[in-house]
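Enquirer: sequence plus the predicted model coming up.
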Amino acid sequence: MEYTISEVADKFNISIPTIRYYDKLGLLPLLKRNKGNVRTFSEADFDFLRMIEILKITGMELKDIRRYFYWCYLGNSTLKKRYDMFLERKKQAEEQINALKKSLQMIEYKCEYYKLANELGTTDHPSLEDICKPVEI
């Protein structure tokens, strides 16, 4: 089945200019064009878009994503490079998760603090400090 660029943009919540940019950078190597030179997308292109978005979330730059796709194209001779790359991505993702967990703890503390402050009608109440202990970051 083939999809239009607008269908893909809707499906992945990515802007059409961003998809065109990915294509321009060579990040969608299997992308085809119809007789009118209009991009047509297949399920295989979806896999590339998913991987791009996943790697971007970990902070990977588009040039490095392009390098990864090139390594895939080169085949088995780049397996070690790809493995090392994913180990680094895993490390980055774990660091992001830990930072988000710490941030969430502080947000939860502030929610509880302000919930009680609202109930008391003030932030100048001694019981607030006894009830809500701030989280160390």
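Expert: In hand now; what should we look at? Numbers count the residues shown, from 1 in each chain.

Enquirer: ok, which stretches of the protein are strands?
Expert: 32-33, 39-40 (DSSP state E).

Enquirer: which strands or helices does the first one pack on?
Expert: When you say that, I think you mean strand 32-33. strand 39-40 (3 or more C-beta pairs under 8 Å, 6 or more residues apart in numbering; DSSP states H and E). (C-beta placed from N, C-alpha, C; glycine too.)

Enquirer: what lies in contact with the strand it packs on?
Expert: Strand 39-40 is contacted from outside by 2, 3, 4, 5, 19, 20, 23, 31, 32, 33, 34, using C-beta atoms under 8 Å, 6 or more residues apart in numbering.

Enquirer: list the buried ones in stretch 106-125?
Expert: 113, 117 (16 or more other C-beta atoms under 10 Å).

Enquirer: that one - what's its average pLDDT?
Expert: Averaged over stretch 106-125, pLDDT sits at 86.

Enquirer: begin at 608, not 1, for the rest of this chat.
Expert: Sure thing, new numbering starts at 608, so read that last one as stretch 713-732.
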